[in-house]
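Novice: Provided below for reference: sequence and predicted model.
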Amino acid sequence: MHRASTAHTSAFTPAGLEKIRALLDLAFEGDFTAEDWDHTVCGIHATVHKGGRLLAHGSLVQRRLLHGGRSLRTGYVEAVAVHPDHRRQGLASAVMEALERVLHSGGYHLGALGAAEEAVPLYRGRGWQQWRGRTAVLTPDGVVRTPEEEGHIYVLPMRSALDLDGELVCDWRPGDVW
């Protein structure tokens, strides 16, 4: 059984952050952009180490999502990754368990994430629910639909009733908005 530790970005040294970035570059096979990295920091990180080696990571950053006429304080999961040599050993589950503990601490209305197809069984198995409705982003020019993301967004309701068939709007950010 693996256990992840949690810490805010500010608790990491530059070398510690470089190790996280290196793991993300390896796990995402070079498809982890500077904007993706920017979305990963300034939140809570869950990490699993073994023998001083970083094996798994995920982070939880605060975002605002709009739904049903309300602005919801959301813990958004980013950059869940496991070293390729250590996959299918429960490390991603340990990371998610640690992040979900933070979500359940009472500071959020819901959890949300954008799921890669191969990760869907992990999230569904942990109780995350697929958003079935429309998705959009609140841009500087107004609300713009994000149909390419529909079917890939998952939520973990905390204190708010959600209409999973309704519209969910995320806050604006550079790069991938979801």
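Specialist: Sure thing, it's come through. Since the structure is predicted, the reported quantities are computational estimates derived from the model, not experimental observations.

Novice: Buried residues in stretch 17-28, which are they?
Specialist: Neighbour counts using 16 or more other C-beta atoms under 10 Å place 19, 20, 21, 23, 24, 27 of stretch 17-28 among the buried residues. Glycine gets a C-beta too; all of them are placed from N, C-alpha and C.

Novice: so how far is residue 18 from the residue positioned nearest the centre of the chain?
Specialist: In the chain, the C-alpha closest to the average C-alpha coordinate belongs to residue 77, at a distance of 1.4 Å (C-alpha atoms, centre = their mean). For residue 77, the distance to residue 18 equals 22 Å [C-beta to C-beta, to the nearest Å].

Novice: Likewise for residue 148?
Specialist: 32 Å.

Novice: Just the strands from this protein, written as ranges.
Specialist: Assigned by DSSP state E, the strands in the chain fall at 5-8, 44-50, 53-67, 70-82, 110-114, 129-130, 135-139, 142-145, 153-157, 168-171.

Novice: Make a markdown table out of these and add mean pLDDT.
Specialist: Output for the strands of the chain, formatted as a markdown table (pLDDT from 0 to 100):
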| stretch | mean pLDDT |
| --- | --- |
| strand 5-8 | 98 |
| strand 44-50 | 97 |
| strand 53-67 | 98 |
| strand 70-82 | 97 |
| strand 110-114 | 97 |
| strand 129-130 | 98 |
| strand 135-139 | 98 |
| strand 142-145 | 98 |
| strand 153-157 | 95 |
| strand 168-171 | 98 |
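
Novice: so can I have JSON lines of those showing distance to residue 98?
Specialist: JSON lines is the format used below for the strands of the chain (distance: least, C-beta to C-beta, whole Å):
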{"stretch": "strand 5-8", "distance to residue 98": "5"}
{"stretch": "strand 44-50", "distance to residue 98": "4"}
{"stretch": "strand 53-67", "distance to residue 98": "8"}
{"stretch": "strand 70-82", "distance to residue 98": "11"}
{"stretch": "strand 110-114", "distance to residue 98": "13"}
{"stretch": "strand 129-130", "distance to residue 98": "20"}
{"stretch": "strand 135-139", "distance to residue 98": "27"}
{"stretch": "strand 142-145", "distance to residue 98": "33"}
{"stretch": "strand 153-157", "distance to residue 98": "14"}
{"stretch": "strand 168-171", "distance to residue 98": "23"}
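
Novice: of all the ones you listed, which lies closest to residue 91?
Specialist: Among the strands of the chain, strand 53-67 comes nearest to residue 91, with 3.8 Å by C-beta to C-beta.
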